[in-house]
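Participant: okay, predicted coordinates and the sequence, questions at the end:
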Amino acid sequence: MANHLMKTTALGLIAACAFVGGAQAGGLERAGYNIDLLFDPGQYTFESGVVYVAPQRKLENVVDEDASDSTMTTAQGYSDSTTETENYFVPRIGFKAGLTEGLDCLADYSQPWGVHTNPGADWVGAQQNIETKVDSDNYALTCSYKFDAGAGQLRVIGGAFYQEVGGFKERQVVTSETLTALGQTTTGVGRLDLEGDGYGWRFGVAYEITEYALRASLVYNSEVKLDNITGTLDLTEIPFVGGVLTNPLFGQVTDVYGSAVMPDTVELKLQSGIAPDWLAFGSVKWTDWSQLQRIPFFAEGTTTEATALELAYRDGWTVSGGIGHKLNDQWSVAGSVTWDRGTAQGFGSQTDVWTFGTGVSYTPSENVEFRVAGALSLLTSGSSGEVTVDGVTYGEDVSYDFGTDLVAAVSTSLKVRF
């Protein structure tokens, strides 16, 4: 009974609830890292899924605080409120194989990091951000070897992954009012495009007692050093005007370079049967987002800073717990609650997030499983303005407030065992 419960509820709905619940975590997290498929009892198992997330973060009482670059105001027709976020999809796919007795391997593709904000060009804070988008692609191979240890089995986990990260940012560098006064007809919008890649590794251990549907796992995922980020800074919409607009990069496209580090993570996961057909699960994860503070980019061939991305993150903590129940041999349900500590430190809108998720699993045969999960998240209220972190000032250009907002998400997946 417990073994069947672990196959259906534990390996199905826990993963589904975690995936849909973690899609609105702090920092640049989208799906994060998930190797739950490695524990599937089938010899060969294929799984694919996608989550759709619809966040609704609205910024209000926006004020352009920096008069040095021409203040944008509501009197000029700009709005002091805007919706910051964009809806997005996150896919994943994986194939697990039992190679020999005790040896399992998982090959998977995921998108662990990403963000898409699009407040537009018509709000008072356009000189801070018009649109920012970051995407990632992660290709991983993870293996484990398990052996008898006491009443259960101990599993040693190791793997490596290759990661590509890219994106762009647009902002209003010079206001249209300033350009019009100078007799110019360009938009004044600048665009930064970047891409980089790197490698990481993971190591962990897990202990399982199948009879009680019990499993405890601890996995460390290393940082990914993006040592050679390259891209372009397009300032062709800001003309060089001697005596007024004198930045030598204005009016041209400049190749730029820089470096960054995607965070390492540590995650502890627990699950156990607590009664016939009932199972409890939980997890705690730490993410080293504080590595991402101010990221400068330099003009190619020089050490002259051309621009920078300002994030000022603090470390993230995610705590989750839930209950799963097997209704019969075909249907199981589960529910979860997740708290994610916001990474913002008074700059930005990434405050604490509470997520309430639920899922349904349908298993028409022991070889096929369909899952659907949904979640509703509460983005807690706060404000953004000028702050100093480690001696560096952020947010001196724009200030704003935001209330408690909602995020809706839905996840679907299919698992096939051979």
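Facilitator: Arrived safely, thanks for sending. Numbers count the residues shown, from 1 in each chain.

Participant: please identify which helix or strand holds the nearest residue to Leu214 once chain neighbours are set aside.
Facilitator: The shortest distance from Leu214 to any non-neighbouring residue, by CB to CB, 6 or more residues apart in numbering, is to Ser272 (4.4 Å). To be clear about C-beta, it is placed using only N, CA and C from the backbone, and glycine gets the same treatment. Assigned by DSSP states H and E, Ser272 falls within strand 265-275.

Participant: if you count neighbours, what's buried in that strand?
Facilitator: Neighbour-count burial for strand 265-275, counted by 16 or more other CB atoms under 10 Å, picks out 265, 267, 269, 271-273.

Participant: state the pair within those that is farthest apart.
Facilitator: The span of these, defined through CB to CB, is set by Thr265 and Gly273 at 27.4 Å.

Participant: which residue packs closest to Gly273, ignoring adjacent ones?
Facilitator: Ala213 (3.9 Å).

Participant: same thing with Ala344?
Facilitator: Counting by CB to CB, 6+ apart, Gln350 is the residue found nearest to Ala344 once chain neighbours are left out, at 4.3 Å.

Participant: re earlier: what bridges to the residue nearest to Leu214?
Facilitator: Note on Ser272: beta-bridge partners Ala280, judged by DSSP bridges.

Participant: now do the same for it: its pLDDT.
Facilitator: In this model, Ser272 is scored at 91, pLDDT.

Participant: thought it was touching Thr210?
Facilitator: No. The criterion here is CB atoms under 8 Å, and Ser272 misses it with Thr210 at 11.6 Å.

Participant: what is the host helix or strand of Thr45 packed up against?
Facilitator: Applying DSSP H and E as the criterion places Thr45 in strand 44-55. Judged by 3 or more CB pairs under 8 Å, 6 or more residues apart in numbering; DSSP states H and E, strand 44-55 is in contact with helix 14-21, strand 88-100, strand 368-379, strand 405-417.

Participant: any idea how far Ala25 is from the residue nearest to Ala344?
Facilitator: 9 Å (CB to CB, to the nearest Å).

Participant: swap in Thr351?
Facilitator: For Thr351 relative to Ala25 (CB to CB), the value is 12 Å.

Participant: do the same with Gly198
Facilitator: Plainly put, Gly198 is 21 Å away from Ala25 if you go by CB to CB.

Participant: so which of the two has more stuff around it?
Facilitator: Taking neighbours as other CB atoms under 10 Å, Gly198 and Ala25 compare with Ala25 leading, 26 against 20.

Participant: which ones are touching the nearest residue to the more buried one once chain neighbours are set aside?
Facilitator: In this structure, Ala25 finds its nearest non-sequential neighbour in Asp340, 4.7 Å apart by CB to CB, 6+ apart. By CB atoms under 8 Å, 6 or more residues apart in numbering, the contact set of Asp340 is 22, 24-26, 316-318, 352-353, 355.

Participant: show me where the stretch 251-400 of the chain has strands.
Facilitator: Ranges of strands in the stretch 251-400 of the chain, per DSSP state E, counting those that start in this stretch, are 253-262, 265-275, 278-287, 294-299, 305-310, 316-326, 331-340, 353-365, 368-379, 382-384, 387-389, 392-394, 398-402.

Participant: list the buried residues of stretch 316-335.
Facilitator: Here stretch 316-335 shows 316-318, 320, 322-326, 332, 334-335 as buried, counting by 16+ other CB under 10 Å.

Participant: next one: stretch 168-177
Facilitator: Buried positions in stretch 168-177, judged by neighbour count with 16+ other CB under 10 Å: 168-176.

Participant: out of those residues, which is nearest to Ala75?
Facilitator: Using CB to CB, the buried residues of stretch 168-177 come closest to Ala75 at Thr175, 13.0 Å.

Participant: pretty sure that closest one contacts Met72?
Facilitator: Yes. Under the criterion of CB under 8 Å, Thr175 makes contact with Met72 at 6.1 Å.

Participant: intersection of neighbour lists for these two?
Facilitator: Here Thr175 and Met72 have Gln127 as joint contacts, going by CB under 8 Å, 6+ apart.

Participant: about what we covered before: out of the strands of the stretch 251-400 of the chain, flag the one nearest Asn87.
Facilitator: Per CB to CB, nearest to Asn87 of the strands of the stretch 251-400 of the chain: strand 368-379, 13.5 Å.

Participant: please save the CA atoms from that closest one in PDB.
Facilitator: What follows is strand 368-379, C-alpha atoms only, in PDB (Å, rounded to 0.1, in the frame of the first residue of the first chain):
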ATOM      1  CA  VAL A 368       0.800   6.400 -17.700                       C
ATOM      2  CA  GLU A 369       0.100   9.300 -15.300                       C
ATOM      3  CA  PHE A 370      -1.500  12.700 -16.000                       C
ATOM      4  CA  ARG A 371      -1.200  15.600 -13.500                       C
ATOM      5  CA  VAL A 372      -2.800  19.000 -13.200                       C
ATOM      6  CA  ALA A 373      -1.900  21.400 -10.500                       C
ATOM      7  CA  GLY A 374      -2.900  25.000  -9.800                       C
ATOM      8  CA  ALA A 375      -1.700  27.700  -7.400                       C
ATOM      9  CA  LEU A 376      -2.700  31.100  -6.100                       C
ATOM     10  CA  SER A 377       0.100  33.300  -4.700                       C
ATOM     11  CA  LEU A 378      -0.100  36.400  -2.600                       C
ATOM     12  CA  LEU A 379       2.700  39.000  -3.400                       C
END
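
Participant: quick one: low-confidence ranges for this structure?
Facilitator: 1-24 (pLDDT under 70).

Participant: now the residue nearest to Ala25: how far from Val266?
Facilitator: Look at Asp340 and Val266: by CB to CB, they are 15 Å apart.
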